[in-house]
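# Model the structure of this input:
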Amino acid sequence: MTDEPIYPKIKEELFAKIEEEWAALMEVVAKLDASQMSTFDAGGWTPKDNLAHITEWMNILLGYHMDRRPAHEVMGVAPEVVEGWDFDKINKVLVERNRNRSAEDIVNELKTVYARVMDRLKSTPFEELLQPRHPDDPQSYPLLASVAGDTYEHFAEHRESIEKGLADGKHA
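Now for the predicted structure:
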């Protein structure tokens, strides 16, 4: 058995995975009222924190991975925040700056950024997604890995976190 992730082999498969997980995430979001959106789970995040986090990382997908702009510039943070790619450190900064936003604002931005990602992916040849993320390092992972990680895999991960909070009674 291999630990290698299995990525879509064609663009239609990629879109089907993204759209399936997006629909599942939006179904969960639609069930949450304003109070539930701001209720902390066992990990210290609210559903709106999870959604803002997804939005931030879709923006990183577009700006850093696809446009190849500097990470700190894309995230709007000091360069030292992204040094070493300490995800806990990065995520803490990203969540904190969104914490006081309304759930409605966060959901609206999430939907807007999702549409931008989908438009961009539709206009990107699938072959480009299969190229190494770092062209000067042919051993680097393909851009498709970032697309998967910042879309359907991320949607599923955070949908499950929100659902677990609901099941645990933390968001009920």
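# Next, the buried residues of the helix or strand encompassing Glu73.
Assessed by DSSP states H and E, Glu73 sits inside helix 71-75. Residues of helix 71-75 classed as buried by neighbour count (16 or more other CB atoms under 10 Å): Ala71, His72, Val74, Met75. Quick note: C-beta positions are derived from backbone N, CA and C, even for glycine.
# Output the contacting helices and strands for it.
helix 47-60, helix 79-82, helix 87-98 (3 or more CB pairs under 8 Å, 6 or more residues apart in numbering; DSSP states H and E).
# Pick the most deeply packed of the ones you listed.
helix 47-60 (a mean of 24; mean count of other CB atoms under 10 Å).
# contacts for it?
For helix 47-60, the surrounding residues in contact (CB atoms under 8 Å, 6 or more residues apart in numbering) are 25, 29, 32, 36-39, 45, 71, 74-75, 91, 94-95, 98-99, 101, 103, 106-107, 109-110, 113-114, 116-117, 150-151, 154-155, 158, 161-162, 165, 171.
# Restricted to buried residues, select those residues in ChimeraX.
Restricted to buried positions by 16+ other CB under 10 Å, the ChimeraX selection for the contacts of helix 47-60 reads:
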select :25,29,32,36,37,38,39,45,71,74,75,94,95,98,103,106,107,109,110,113,114,117,150,151,154,155,158,161,162,165,171
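# Out of the contacts of helix 47-60, which sit inside helices?
25, 29, 36-37, 71, 74-75, 91, 94-95, 98, 103, 106-107, 109-110, 113-114, 116-117, 150, 154-155, 158, 161-162, 165 (DSSP state H).
# Which residues are in contact with the residue lying closest to Pro132 once chain neighbours are set aside?
Sequence neighbours aside, Ser140 is the residue nearest to Pro132 in space, at 4.4 Å (criterion: CB to CB, 6 or more residues apart in numbering). Contacts of Ser140 were listed using CB under 8 Å, 6+ apart, and they are Pro132, Arg133, His134.
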